[in-house]
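>>> attaching a predicted model along with its sequence, questions to come.
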Amino acid sequence: MILAFAFLAGMTLVSALGVVLSRNVVHSALFMSGSFLGIAGFFVMLNAPALAAFQVLIYVGAVTVVILFGIMFTQRPQVRRYRTIIQRQHWPGFFVAVGIGAFLAYIVAIADWTGTGPGNGPRGVDALGNILLGVNGAPPIFGLLFEVASVLLLVAIVAAIVVSRRKTGEGVDRGVEE
Amino acid sequence: MPPQAQQLLDALNQTIPLEGYLIVGAIMFAIGAYGALVRRNAVVVFMCIELMINAVNLSLVAFSDYLPDAGGAGAGYAVLVIAVAAAEVAVGLAVVLAVYRSRKTVNVDEVNLMKW
């Protein structure tokens, strides 16, 4: 357990640092997928294999590909120096981030975690589905949240198309007969 | 098997306490916050926001597995968070594409039309 935990923690945190510090944007995206894979491994360790499958499918598959498309559409060849990728106010940002991390670590350190142990989560897909729909003893608010999430996804699809679509008469669509 | 080796195996096989997962989540959240604050490229800022969302997801699933009275609700919240994050990245990249089309840059320092 400890070996797997150390390996996954190292993979996740080193990849997360790679996202922030790498000078090439494509490398950042690939580091990000490595970090997501580490999180999927943590989900397997935490008795949530269905969530690990969701994580691999949605994050490592879909989100990384969408972000790579975004990079493909928006990046030009650029000078790769830290002065050009990091803002001028990077020391205040650094201190804010260290403050957030120290605050969270302090909260974790002072809380009383006696009585907690692994194995209480929904192991199977059926238990997870009961929780997600708010039936069979799960909090019934989850049924409402499920519906709200589905409406949100529909709105997001329509909004993404409307926002990013090229207006008529603007630019040239190559390969399309006007 | 010598007793030292048995002790080593026992030490390697003991369960991870809840604090381990929470601390990894806290460090990952701090790294994501640092990147979102200091990077100039809007796409990289999105990646750092995804990192923060994943850190929170890790904490939620850890709570769902370790707290005896939670009934596993954290896993349900984690699924909802994944759905919201997917919607966020789709709309956010559409906004970045629209900004790039009108301003020819994705540098968040140069997109200052609404800056007072």
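On my side now, so go ahead.

>>> by mean pLDDT, flag the weakest helix or strand of chain A.
helix A:82-85 (a mean of 68; mean pLDDT, DSSP states H and E).

>>> also chain B?
For chain B, counting by mean pLDDT, DSSP H and E, that's helix B:3-13 with a mean of 81.

>>> which parts of the helix or strand just after it are buried?
Using DSSP states H and E, the helix or strand that directly follows helix B:3-13 along the chain is helix B:18-38. Going by neighbour count (16 or more other CB atoms under 10 Å in any protein chain shown), the buried part of helix B:18-38 is B:18-38. Where you see a C-beta, it was placed from the backbone N, CA and C, and this is true even at glycine.

>>> pLDDT at the closest residue to residue A:54 other than its chain neighbours, what is it?
Leaving aside its sequence neighbours, residue A:54 sits nearest to residue B:82 (CB to CB, 6 or more residues apart in numbering or on different chains; 6.0 Å). We have a pLDDT of 92 for residue B:82.

>>> and the helix or strand hosting residue B:82, what does it pack against?
Under the criterion of DSSP H and E, residue B:82 resides in helix B:73-103. Packing contacts for helix B:73-103, counted by 3 or more CB pairs under 8 Å, 6 or more residues apart in numbering or on different chains; DSSP states H and E, involve helix A:49-54, helix A:64-74, helix A:125-133, helix A:141-164, helix B:42-66.

>>> just name the most buried of those helices.
Mean neighbour count (mean count of other CB atoms under 10 Å in any protein chain shown) peaks for helix B:42-66 among those, with a mean of 24.

>>> does any part of that helix sit near chain A?
Yes. Against chain A, helix B:42-66 shows contacts by CB under 8 Å from any CB of the partner chain at B:42-44, B:46-48, B:50-51, B:54, B:57-58, B:61-62, B:64-66.

>>> and the furthest pair within these?
B:42 and B:66 (36.7 Å; CB to CB).

>>> got a list of what the spatially most central residue of chain A touches?
Residue closest to the average C-alpha location in chain A (CA atoms, centre = their mean): residue A:59, at 6.2 Å. Residue A:59 sits next to A:33, A:36, A:39, A:40, B:50, B:54, B:82 when contact means CB atoms under 8 Å, 6 or more residues apart in numbering or on different chains.

>>> most neighbours, which of those?
The residue in the contacts of residue A:59 with the most neighbours, by other CB atoms under 10 Å in any protein chain shown, is residue B:54 (30 neighbours).

>>> outside of stretch A:145-165, which residues touch it?
Here stretch A:145-165 has contacts from A:132-134, B:76, B:80, B:83-84, B:86-88, B:90-91, B:93-95, B:97-98, using CB under 8 Å, 6+ apart.

>>> er, stretch B:20-29 I mean
Contacts of stretch B:20-29 (CB under 8 Å, 6+ apart): A:5, A:9, A:12-13, A:16, A:35, A:42, A:46, A:100-101, A:104-105, A:108, B:51-52, B:54-56, B:58-59, B:62, B:66.
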